[in-house]
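**Student:** show me the folded form of this:
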Amino acid sequence: MASRVCVGFLVLVSSILLLLLLLSVSVYADEGEHEHVLTLDHSNFSDTVTKHDFIVVEFYAPWCGHCKKLAPEYEKAALVLSRHDPPVILAKVDASDEPNRELAKKFEIQGFPTIKILRNGGKSAQEYNGPREADGIVAYLKKQAGPASAEIKSAEDVSSLIDETRIFVVGVFPKFSGEEFEKFKVLAEKLRSDYDFGHTSNAKLLPHGGSVNGPTIRLLKPFDELFIDFQDFDVDALEKFIVEASVPIVTVYDKDPSNHPFVNTFFNTPNAKAMLFLNFSEEHLDAFKSKYKDVATAYKGKGISFLLGDSEASQNVFQYFGLKEDQTPLIFIQKKSGQKYLKTNLKPGHIATWLKEYMDGSLKPFVRSEPIPDVNNEPVKVVVADSLQDVVFNSGKNVMLEFYAPWCGHCKKLAPTLDEVAVSFENDPDVIIAKLDATANDLPTEAFDVQGFPTIYFRSASGNLLKYDGGRTKEDIIEFIQNNRDKSTQPSPVESSPVKKDEL
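**Tutor:** All right, here's what the predicted structure looks like:
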């Protein structure tokens with residue numbers, strides 16, 4: 001009898017455990033299947049954003065590899081942050097979808113994924129400059145959702161807030177009131193997505209300690225001089241000071257992740273950017289470093305920032321700028337205007353001379369271009385940077401030019417339509433339909449504003465340059481060309497598509 005009771009009891013316990021296990025799996029599955037990232041579009045964006053004092057929005061494209069990699073991390077972070085007090089809302093917008101293009105334009109989206117932090121019902125927008133994995137996203141956004149500046153009252157606060165491998169901005173005030181403190185708060189709110197801020201009434205608590213006379217901003221950094229004090233409390237002057245002081249005399253770009261934030265700062269500065277790339281295992285590395293730092297020090301404050309990059313860690317930069325590893329050691333300069341300058345197979349002794357020629361304005365700009373094709377007999381003609389002047393500006397033709405990217409889904413979708421348009425104008429010697437790979441060729445930015453793909457321009461034979469924002473059907477494009485082509489040339493009859501019987 002006892003054994004029967006025991007067996008029955010074990011069966012009952014097993015059944016209960018199995019039921020609990022199934023319930024827990026079911027709950028877990030339901031939670032995992034539920035999306036915690038809000039999906040927004042042009043129809044609900046404004047209504048949703050205006051309801052929140054703090055909301056984070058990712059602008060993405062479904063075909064973007066980086067977006068696909070971010071998606072599961074962003075979703076994990078959204079789940080954790082939904083339980084925060086108060087909850088932090090994460091959302092996403094397909095910025096490549098045609099109806100959402102105005103949203104992408106409003107928030108100046110130039111690449112994917114771009115994440116924006118929107119505050120005060122969307123009245124304020126800041127770049128998200130944090131990590132791209134779940135734990136890092138959570139930590140960064142918890143800090144962003146709190147006060148812009150944290151009070152430092154003890155050595156423990158210093159240890160928890162100030163990371164000696166990162167830049168930290170601290171305001172020192174006799175009391176937390178008055179004009180200087182209010183301007184500091186404005187500054188901290190404005191720059192909080194880029195820098196960490198704190199404030200204290202006791203300067204002796206801070207690294208490098210000492211007394212200060214009156215309200216002071218102290219910038220702590222892990223390079224060059226380790227701290228700088230500043231006492232001009234004009235907000236614009238403070239921002240300029242922080243941005244300029246946050247860039248090392250020479251920024252190092254290698255595989256060390258602690259250097260990556262300074263690399264991001266380097267590329268975000270408005271200065272011209274000088275970049276010296278070589279293999280860091282090269283025997284002449286010390287000679288290059290010494291000569292390069294001397295030049296960077298000499299030109300400090302003259303509108304140019306300097307980066308020293310390990311070629312092995314810089315493949316994405318090489319690909320972006322069209323550089324090749326067999327050109328190293330090389331020095332490359334990009335101006336804010338987009339103009340580029342290049343010196344390959346560099347020697348340490350060349351650096352100072354070449355930089356002087358650049359500063360004097362005697363260097364010829366470098367233009368990245370694919371080779372001009374030997375055969376170019378497809379209906380849509382291939383244009384490269386080196387043939388742009390001849391085909392578009394000097395041909396005396398009416399030219400419709402598409403700027404595309406090989407990986408762009410919308411470009412691939414448009415391609416057969418452009419082929420049909422080009423075939424329609426095959427017998428018209430005054431019209432050219434052409435395309436240019438904007439990821440492999442430099443563009444004259446003074447003529448073309450290409451912020452996304454595809455971007456289409458039309459230049460008439462008489463020189464009138466127009467950006468095409470019309471429909472994407474064959475008929476729309478043909479009508480636009482006929483209406484905007486040079487009036488001095490007589491349009492040839494455009495070949496019509498055959499009418500199908502079921503259209504009669």
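
**Student:** contacts for stretch 175-183 next, please.
**Tutor:** E151, G171, F173, H199, S201, P215, F233, D234, V235, L238 (CB atoms under 8 Å, 6 or more residues apart in numbering). Where C-beta positions appear, they are placed from N, C-alpha and C, glycine not excepted.

**Student:** can you pick the most crowded of those residues?
**Tutor:** Neighbour counts for those peak at G171, which has 25 neighbours (criterion: other CB atoms under 10 Å).

**Student:** can you tell me which helices and strands whichever strand or helix holds that residue packs against?
**Tutor:** Secondary structure assignment for G171, by DSSP states H and E: strand 168-172. Secondary structure elements in contact with strand 168-172, counted by 3 or more CB pairs under 8 Å, 6 or more residues apart in numbering; DSSP states H and E, are helix 179-191, strand 196-200, strand 216-220.

**Student:** of all those, which lies closest to S46?
**Tutor:** Evaluated with CB to CB, these place helix 179-191 nearest to S46, the distance being 23.0 Å.

**Student:** distance from the closest one to the middle of the chain?
**Tutor:** For helix 179-191, the gap between its own C-alpha mean and the chain's C-alpha mean amounts to 26 Å (CA atoms, centre = their mean, to the nearest Å).

**Student:** list the contacts of the closest residue to K221 other than its chain neighbours.
**Tutor:** Take K221 and drop its neighbours on the chain: the residue closest to it by CB to CB, 6 or more residues apart in numbering is I167, 5.0 Å away. Under the criterion of CB under 8 Å, 6+ apart, the neighbours of I167 are Y195, D196, L219, L220, K221, P222, S246, P261.

**Student:** I'd guessed V172 sits against K204; true?
**Tutor:** No: applying CB atoms under 8 Å, one finds V172 not in contact with K204, separated by 10.0 Å.

**Student:** give me the more crowded residue out of these two.
**Tutor:** V172 (25 against 10).

**Student:** and which of the contacts of I167 is nearest to V88?
**Tutor:** Minimum distance to V88 across these is 18.2 Å, recorded for D196 (CB to CB).

**Student:** what is the burial count for the closest one?
**Tutor:** Here the count is done by other CB under 10 Å, and D196 has 20 residues near it.

**Student:** contacts for stretch 388-395?
**Tutor:** Residues from elsewhere that reach stretch 388-395, judged by CB under 8 Å, 6+ apart: K381, V383, V399, L401, I432, A434, L436, N441, L443, P444, R459.

**Student:** run the chain-centre distance for it.
**Tutor:** Distance, centroid of stretch 388-395 to centroid of chain: 31 Å (CA atoms, centre = their mean).

**Student:** and it, what's its mean pLDDT?
**Tutor:** Here stretch 388-395 scores 95 as its mean pLDDT.

**Student:** what residues sit buried inside that stretch?
**Tutor:** The neighbour-count check on stretch 388-395 (16 or more other CB atoms under 10 Å) flags L388, V391, V392, S395 as buried.

**Student:** next: stretch 462-481.
**Tutor:** Neighbour-count burial for stretch 462-481 flags Y468, K474, I477, I478, F480, I481 (criterion: 16+ other CB under 10 Å).

**Student:** could you chop this protein up by domain?
**Tutor:** Under the assignment automatic domain parsing, the domains of the chain span 38-144, 148-245, 251-360, 381-484.

**Student:** where does P257 fall, phi/psi-wise?
**Tutor:** With angles defined as degrees, to the nearest 10, P257 sits at phi -60, psi -20.

**Student:** next, count neighbours for it.
**Tutor:** The number of residues packed near P257 is 8, by other CB under 10 Å.

**Student:** quick check: it vs E133, distance?
**Tutor:** Using CB to CB, to the nearest Å, one gets 12 Å for the distance from P257 to E133.

**Student:** of the contacts of I167, closest to V295?
**Tutor:** Closest approach between the contacts of I167 and V295, by CB to CB: S246, at 20.5 Å.

**Student:** now do the contacts for that closest one.
**Tutor:** Residues touching S246, when contacts are defined by CB under 8 Å, 6+ apart, comprise I167, Y195, L219, K221, F262, T265.

**Student:** and for E127?
**Tutor:** With contacts defined as CB under 8 Å, 6+ apart, the neighbours of E127 are T114, I115, K116, I117, S193, D194.

**Student:** those helices in the stretch 201-350 of the chain, which residues are they?
**Tutor:** For the stretch 201-350 of the chain, helices defined by DSSP state H, counting those that start in this stretch occupy the ranges 235-245, 260-268, 285-298, 315-321, 350-360.

**Student:** what's the answer for the stretch 401-504 of the chain, then?
**Tutor:** Secondary structure of the stretch 401-504 of the chain (DSSP H, counting those that start in this stretch): helices located at 409-424, 474-484.

**Student:** and the longest one, what's buried?
**Tutor:** It refers to helix 409-424. Under 16+ other CB under 10 Å, the buried positions of helix 409-424 are H410, C411, L414, L418, E420, V421, A422, S424.

**Student:** kindly report the same for stretch 429-446.
**Tutor:** Taking 16+ other CB under 10 Å as the basis for neighbour counts, the residues of stretch 429-446 that come out buried are D430, V431, I432, I433, A434, K435, L436, D437, A438, N441, D442, L443.
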